[in-house]
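Peer 1: Model the structure of this input:
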Amino acid sequence: MRKFLPSEAYRLLKNRKSARLCRRKRKEERSAMQCNVEKYTTEIALLKAKVSDLENALKQSENIRIQIESTFALAY
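Peer 2: Numbers count the residues shown, from 1 in each chain. Sure, this is the predicted structure:
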């Protein structure tokens, strides 16, 4: 193709092709990043819920421990 086109026209064609590929790649990367954001947002929400559940379980076990200690303290 280079033999049939003047150098400026050939350079313009190469530039357009390169720009098209760059825009396509950027669009694919942006799409992949958006999928990752959605996935990680969901994962963060699940982990926050799990942390909350574990904190509640810890509070309950602390309350039970305190009750047991106070029961034994009264017994002796």
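
Peer 1: Could I get the full set of helices for this protein?
Peer 2: 7-75 (DSSP state H).

Peer 1: what residue ranges in it score low on pLDDT?
Peer 2: 1-2, 75-76 (pLDDT under 70).

Peer 1: Mind telling me which residue is nearest the centre of it?
Peer 2: Nearest to the mean C-alpha position of the chain, by Cα atoms, centre = their mean, lies residue 40 at 3.0 Å.

Peer 1: From residue 13, how far off is that residue?
Peer 2: 41 Å (Cβ to Cβ, to the nearest Å). In this view, the C-beta of every residue, glycine as well, is placed from N, C-alpha and C.

Peer 1: same thing with residue 69?
Peer 2: With Cβ to Cβ as the criterion, residue 69 and residue 13 are 82 Å apart.

Peer 1: neighbour-wise, which of these two wins?
Peer 2: A direct count of neighbours by other Cβ atoms under 10 Å for residue 69 and residue 13 places residue 13 higher, at 13 against 10.

Peer 1: Excluding covalently adjacent residues, which one is nearest to that one?
Peer 2: Among residues not flanking residue 13 along the chain, residue 5 sits closest, at 7.1 Å (Cβ to Cβ, 6 or more residues apart in numbering).

Peer 1: is it true that the one you found touches residue 14?
Peer 2: No - with contact defined as Cβ atoms under 8 Å, residue 5 does not reach residue 14; the gap is 10.1 Å.

Peer 1: With just CA atoms, put stretch 27-45 into PDB.
Peer 2: Written as PDB, here are the backbone C-alpha positions of stretch 27-45 (Å, rounded to 0.1, in the frame of the first residue of the first chain):
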ATOM      1  CA  LYS A  27     -13.100   1.400  25.400                       C
ATOM      2  CA  GLU A  28     -12.400  -2.300  26.300                       C
ATOM      3  CA  GLU A  29     -10.300  -1.300  29.200                       C
ATOM      4  CA  ARG A  30     -12.900   1.100  30.500                       C
ATOM      5  CA  SER A  31     -15.500  -1.600  30.200                       C
ATOM      6  CA  ALA A  32     -13.400  -4.100  32.100                       C
ATOM      7  CA  MET A  33     -12.700  -1.600  34.800                       C
ATOM      8  CA  GLN A  34     -16.400  -0.900  35.200                       C
ATOM      9  CA  CYS A  35     -17.100  -4.600  35.600                       C
ATOM     10  CA  ASN A  36     -14.400  -4.700  38.300                       C
ATOM     11  CA  VAL A  37     -15.900  -1.700  40.100                       C
ATOM     12  CA  GLU A  38     -19.300  -3.400  40.200                       C
ATOM     13  CA  LYS A  39     -17.800  -6.700  41.300                       C
ATOM     14  CA  TYR A  40     -15.700  -5.100  44.100                       C
ATOM     15  CA  THR A  41     -18.500  -2.900  45.200                       C
ATOM     16  CA  THR A  42     -20.600  -6.000  45.700                       C
ATOM     17  CA  GLU A  43     -17.800  -7.800  47.500                       C
ATOM     18  CA  ILE A  44     -17.200  -4.800  49.800                       C
ATOM     19  CA  ALA A  45     -20.900  -4.800  50.800                       C
END
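
Peer 1: Understood, closing this out.
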